[in-house]
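Asks: here is the input, now give the coordinates:
(2 chains)
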2 protein chains.
Amino acid sequence: MTHTEQLAGFLADLRYEHLSDAVVSRTQELFLDWLGSALASQGSHPIPLFERYAELMGPAAGPARIIVNGRSTSAYFAALVNGASSHLVEQDDLHNSSVLHPATVVFPAALAAAQDLGCTGRELLLAAVAGYEAGIRIGEFLGRSHYRVFHTTATVGTLAAAVAVGKLRNFDAAQFINVLGSAGTQAAGLWEFLRDAADSKQLHTAKAAADGLLAAYLTADGLTGARNILEGEQGMAAGMSSDAQPQKLSDRLGSRWALLETSFKFHASCRHTHPAADALLGLMQREGLSHEHIERVTTHVHQGAIDVLGRVDVPQSVHQAKFSMGTVLGLIAVHGKAGLPEFEQFALNDARVARFRDKVQMQLDAQVDAAYPQRWLGRVEVLTVDGRRLQGAIDEPKGDPGNTLSRPELEDKFRSLLAFSGALEGAPVDALISQVWQLHQRPDVHSLI
Amino acid sequence: MTHTEQLAGFLADLRYEHLSDAVVSRTQELFLDWLGSALASQGSHPIPLFERYAELMGPAAGPARIIVNGRSTSAYFAALVNGASSHLVEQDDLHNSSVLHPATVVFPAALAAAQDLGCTGRELLLAAVAGYEAGIRIGEFLGRSHYRVFHTTATVGTLAAAVAVGKLRNFDAAQFINVLGSAGTQAAGLWEFLRDAADSKQLHTAKAAADGLLAAYLTADGLTGARNILEGEQGMAAGMSSDAQPQKLSDRLGSRWALLETSFKFHASCRHTHPAADALLGLMQREGLSHEHIERVTTHVHQGAIDVLGRVDVPQSVHQAKFSMGTVLGLIAVHGKAGLPEFEQFALNDARVARFRDKVQMQLDAQVDAAYPQRWLGRVEVLTVDGRRLQGAIDEPKGDPGNTLSRPELEDKFRSLLAFSGALEGAPVDALISQVWQLHQRPDVHSLI
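Replies: Purely as a prediction, here's the structure:
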């Protein structure tokens, strides 16, 4: 059996009863965290463009729901708009070693299809687990060379979304092979947009979720796909990776739950900035420093951080600021936080943050790079204005599995995300939270949001 | 100015008045040829799957039309289904040096958008020219290394479709830059499916047309894209090519009309089989040979032919047979033709064709390979049962620009395509043909089909 066939067999055989309480509980937490990210983007460019596109091209009503405006539509357009929405504020989850943001591609597709097909909460949770387990392994399989040019959440996200929807449609192993083929041959998404602060990140997650759903629906109806889209000579690894490791695809299927390794985001910035942000914050608290005491900051980083963040010198937009190491550290140093409100108020307009930004440099570090992507080490060196050299280090950024957010912290984050956009407040927020904590008992997911 | 910026400027400035009569006339011919290909697929798997998907996910009615079933829908789903339809019977056009099939991606998107926007026949023709000129140059830019793993018609097709729709929306140069960015970051399509005779080819062209249209509509509404998606360090060439030539993007813009270099397909098979098919047919006619006189055929081919055709030993489906060099030459040798009816009747079920298939081998030829992809040379060597070694050669396969199909030949091909599927016959076919020859005078294209 190929590794792809082993993966397909696992996906076909997976049952809700196989999931531990910890997996179910974490899936609910990931769902809540995702929902908050989607609602936080309400009204922000470019989300209304996707809403208008769905209105123009889709049906006037349908079984699935667009989260940011409450309109009903077909499953395809719900997946599209919700996929765009949930990655905008850079608060959605991340799996370290695959460098995949699973929630923003898996949940939009799974929720839209679950609403369309009349599935239960348990079926939705099971589908999400399938999407996470497959997507994370495929991301690990494609390796670091893939991520250097391709936005893994876009490319691999198409397959993760397809698998989740395939699970809702009760695919057997042969159908999972076909859906991987049809999703993999649609996989796309390049990092080039970062340099221009273009809107492609939202296009990527929108399309990954929607294209994955499309692949699954067509597969259910009989469309065939390449049997070996991942490992084959003219497949994804052949075209889009130079360090693919096929055995990653079937890594400890059924005993390792990769979903549990997912990190929640604490800062509202690109995850590559978090280890340095936490290390700097710890150092400043330990030494009692304010931003004015600091002359220079050197962050010792992995190559991926340089590839993704290195494009931005002076950010031109709030979104681009989330990819500026200097700006993130400036917010941390000056305001003690780099959350959504700090980005909106201070990322572009605060002279102190701008001054601090120019004091920050990134430097490739062999040890940090070797640990990546399994571990995201934070190492900073600070030169103070009075000439001292100080070291800050953290081994697990806030939000990582070993340093995760508690349910109260997740609820706080959720409330703060909703307050940010004004999407919802007060009692309805509490009701929504408790609905998510009871997701495994819901007979349907139509009225969830 | 980058080459991409030069291309964008050309596209923005292009006017119908710039097009010579030859260009207009050829565009009409390409449109007719495309329309025939789309109608020929009516009822064939997997086209009904795309029709059902459009019905499930799209609106019940709309301004654009699905060709194979006459239903109206939104522009997005018309582009999707018509894109799937027009590549199935392997009779659509091809541009040699880009190895791009432009019609099957450009016309579905352009026609759907023209119907949606209420454009004239002239505007549709101009948009198609823009799509061809851009798509062909982008295909040439990405080079042979891209085509080795990626289905250029899928990847580059997304950009060609986007450009055509952008022209209908009167994009300026900045918008063309943006739409290339948003289309390029969606570009996908791998050859891996060929080995399994999977249905991905239709998915590829469907998605290229629809995704290109989506990119253009979102761009018109304000979505930004990477400014340098083609040439940039994390762009298409960086991720999907190792021999890209940026100067190809701006090659003789305004003086060279790449659209005129497009070939019409004569045989109903993959274009990589055509040079050998014509060379064998010429040799057999010249020497008065029948298939029974032939012991062995060696086709001297370019590497691309081996990459695309080498997967198939014994075809399992009619579609896969179109990628079997042995089957195509068997049809030519036994039946004198490799048209749609011959494929349906004889490709899988004729023992003489199967016997001949096993006599055929492909061999990489340095001279043929060096000429490719600018020229597709046909070179075959035949060993007869009585021990003679005979050579057949053609320098321009039937349908190539220097050996093109006349309007009567194109009309014959069109009639035969429509008769094949039973889509239309008799007087309505003649009316349709004359409408296409008058396309430049139509005030709208709603009622064209």
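Asks: so for the residue sitting furthest away from the middle of chain A, what's the pLDDT?
Replies: Centroid-distance maximum for chain A: A:D386 at 40.6 Å, with Cα atoms, centre = their mean. Looking at A:D386, its pLDDT is 97.
Asks: skip the chain neighbours and tell me the closest residue to it.
Replies: The shortest distance from A:D386 to any non-neighbouring residue, by Cβ to Cβ, 6 or more residues apart in numbering or on different chains, is to A:H293 (7.5 Å). C-betas here are computed from N, CA, C, even on glycine.
Asks: which residues touch the residue most central in space within chain A?
Replies: The residue lying closest to the centre of chain A (Cα atoms, centre = their mean) is A:H101, at 2.3 Å. A:H101 makes contacts with A:H87, A:D92, A:D93, A:L94, A:H95, A:T153, A:G157, A:T205, as judged by Cβ atoms under 8 Å, 6 or more residues apart in numbering or on different chains.
Asks: name the nearest of the residues you listed relative to B:G212.
Replies: Of all the contacts of A:H101, A:T205 has the smallest distance to B:G212: 19.2 Å, by Cβ to Cβ.
Asks: sorry, back to before: adding secondary structure, pLDDT and distance to A:R169, write the contacts of A:H101 out as TSV.
Replies: Formatted as TSV, the contacts of A:H101 follow (DSSP: H, G, I helix; E, B strand; the rest coil; pLDDT from 0 to 100; distance: Cβ to Cβ, whole Å):
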residue	secondary structure	pLDDT	distance to A:R169
A:H87	coil	95	25
A:D92	coil	95	25
A:D93	coil	96	25
A:L94	strand	94	28
A:H95	strand	96	24
A:T153	helix	98	23
A:G157	helix	98	19
A:T205	helix	98	22
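Asks: output those residues as CSV; include the columns neighbour count and distance to chain B.
Replies: As requested, the contacts of A:H101 are exported to CSV (neighbours: other Cβ atoms under 10 Å in any protein chain shown; distance: Cβ to the nearest Cβ, whole Å):
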residue, neighbour count, distance to chain B
A:H87, 28, 14
A:D92, 26, 19
A:D93, 25, 23
A:L94, 24, 19
A:H95, 25, 21
A:T153, 29, 13
A:G157, 35, 12
A:T205, 30, 12
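Asks: which residue does the stretch 301-449 of chain A have closest to chain B?
Replies: Nearest residue of the stretch 301-449 of chain A to chain B, counting by Cβ to the nearest Cβ: A:D307, 7.7 Å away.
Asks: in which helix or strand does that residue reside?
Replies: A:D307 belongs to helix A:303-309 when assigned by DSSP states H and E.
Asks: what sits up against that helix?
Replies: A:99, A:144, A:147-148, A:191, A:194, A:270, A:272-273, A:299, A:323-325, A:362, A:364, A:369, A:372-373, B:234.
Asks: same thing but at 7 Å, please
Replies: The contact list for helix A:303-309, computed with Cβ atoms under 7 Å, 6 or more residues apart in numbering or on different chains, reads A:99, A:144, A:147-148, A:191, A:194, A:270, A:272-273, A:323-325, A:362, A:364, A:369, A:372-373.
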